[in-house]
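Q: sharing a model prediction with you, sequence too.
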Amino acid sequence: MSNSSSGTADVHATFSVDGPYDEIFVGDWNGDGKDTIATRVGRSVYIRNENSGPVEKSFSYAEHGDEFIVGDWNGDGVDTFAVRRGNSYHLKYTLEGGWAARIVHFGDPQDEVHVGDWDGDGDDTLAIRRGNRTMFMNGLESEKPVAASWYGLASDPSMVGDWDGDGRDTLAIRRGAFHLTNSLSSGRADAIVHLGSRGADTALVGDWDGDGRDSFGLRLDAIERDDSDAARGDDREPVDEAPAIPAGVEHSDGKPGPDSTGVPAGTVLEVHHGDLDIREPGTVIDGLDVRGYVRVRAEDVVIRNSVIRGGTAGRQDGLIKVIDGGASLLIEDSELAAADPNPGIDGLKGWNITARRVNIHSVIDGGHFWGSNVTVENSWIHDLLHYRNDPNHSDGSHDDGIQIQQGSNIRITG
């Protein structure tokens, strides 16, 4: 479990839960301000008020197969359960069996549901997610949402927490790392947290130490996982996973997007560790996953079907840079994304460059050109990073889709 949502992981505690169980839930079951876990087996729920302690309370509720959700429905500071059946939500105000205290209706049966305190009034209410659109209720008395936001992609798992301690819950999505937003609006992530391995771990959200801010925990699902990484609070994704990218919005049909740019599906990539310094004219790079930077110092260099991730955190540079006067580059069907982003890392830099069907993201400037003979065709530049604190600028980072400082014969199309 981590007590940080600032971009690094500090492991607060690790523990195991004995015995088989169907589900695990997080909540403040006794009103002390700290979240702990509960487990469910069939109709039975088992409550712990200390994560490393014994079961302190158990009860049976609802029916086998019902979907359980957790929230503070009446604002008393104690989380309880609700059962979802279709678009009906049967709310309990106490941690015991028996009839529901209230039934509300919201959304459609196929909607993904979230629970949170969206307006900071102390009561949890509902939100539903359809694709990458989330619709929020600020009360349980109405069936109509009062706000909506578009955040992340439809394929991104999303979760809820109060990341900055202002009393209001907002969203995060998990795309490699966790991408947190502190407002119920579309746009860039406010913070990125690297923790765990998607596919091997299940993410939990809770205020583990009672400081008023939610952070992440991991349920380690994969038997073959090296648990020592989690125990150290390792904040790096496994080396063969894609780099973390900030939350964005769905692309529009007919424009460049994930299906028409980047490395074609099914391409097998060979990992290359370290920088590439290309000095041989006519060099062709095909099918590489480059864990470093690329410097082009020769004519007629070709890069295709490749991913360029950059390297050491803190270095300020372009993922690919054409840096000699007579050098030239054709890059096609490739992806540029900083694995260790910072306020000084751009995507494609230089001059004498032709880029076709390139997917560029997780950088400051997608393209940064200060010379002639540049063509960018049918490429997708998106999800650029912004830093409020940038050592290079007093007013925050100057992130641009494409920045052109000088030159002629520059063509941007599609």
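A: Nice, thanks for sending it over.

Q: going forward, measure contacts between C-alpha atoms and count neighbours the same way
A: Will do.

Q: Val146: what's it in contact with?
A: Counting by CA atoms under 8 Å, 6 or more residues apart in numbering, Val146 touches Met135, Phe136, Met137, Asn138.

Q: could you find the closest non-adjacent residue to Ile24?
A: The spatially closest residue to Ile24, leaving aside those adjacent along the chain, is Thr39, at 4.5 Å (CA to CA, 6 or more residues apart in numbering).

Q: quick check: which element contains the one you found?
A: Assigning secondary structure by DSSP states H and E places Thr39 in strand 36-41.

Q: still on that earlier bit, out of the contacts of Val146, which comes closest to Ala62?
A: If you rank the contacts of Val146 by distance to Ala62 using CA to CA, Met137 comes first, at 24.5 Å.

Q: quick check: the farthest pair among the contacts of Val146?
A: Longest span within the contacts of Val146, CA to CA: Met135 and Asn138, 10.3 Å.

Q: which parts of the strand holding Thr39 are buried?
A: Thr36, Ile37, Ala38, Thr39, Arg40 (16 or more other CA atoms under 10 Å).

Q: which residues does the third one form beta bridges with?
A: The residues listed as beta-bridge partners of Ala38 by DSSP bridges are Phe25, Ile47.

Q: touching, it and Val26? I think so.
A: Yes. Distance between Ala38 and Val26: 6.3 Å, which falls inside the contact criterion (CA atoms under 8 Å).

Q: I'd like the buried residues of strand 36-41 as a markdown table, with pLDDT and distance to Gly287 appended.
A: Rendered in a markdown table, the data for the buried residues of strand 36-41 read as follows (pLDDT from 0 to 100; distance: CA to CA, whole Å):
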| residue | pLDDT | distance to Gly287 |
| --- | --- | --- |
| Thr36 | 93 | 46 |
| Ile37 | 91 | 45 |
| Ala38 | 92 | 47 |
| Thr39 | 90 | 46 |
| Arg40 | 89 | 47 |
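
Q: what residue of the chain is the furthest out?
A: When distances to the mean C-alpha position of the chain are computed (CA atoms, centre = their mean), the maximum falls on Gly326, with 40.4 Å.

Q: just the pLDDT for that one.
A: Model confidence at Gly326, expressed as pLDDT, equals 88.

Q: can you classify it by secondary structure?
A: Secondary structure, DSSP: H, G, I helix; E, B strand; the rest coil: Gly326 is coil.

Q: for it, list the residues it contacts.
A: Remark: with contacts taken as CA under 8 Å, 6+ apart, Gly326 is in contact with Arg297, Ala298, Glu299.

Q: go again with 7 Å.
A: Shown in contact with Gly326 (CA atoms under 7 Å, 6 or more residues apart in numbering): Ala298, Glu299.

Q: in the stretch 251-400 of the chain, where is pLDDT below threshold?
A: Low-confidence segments of the stretch 251-400 of the chain, defined by pLDDT under 70, span residues 251-254, 312-315.
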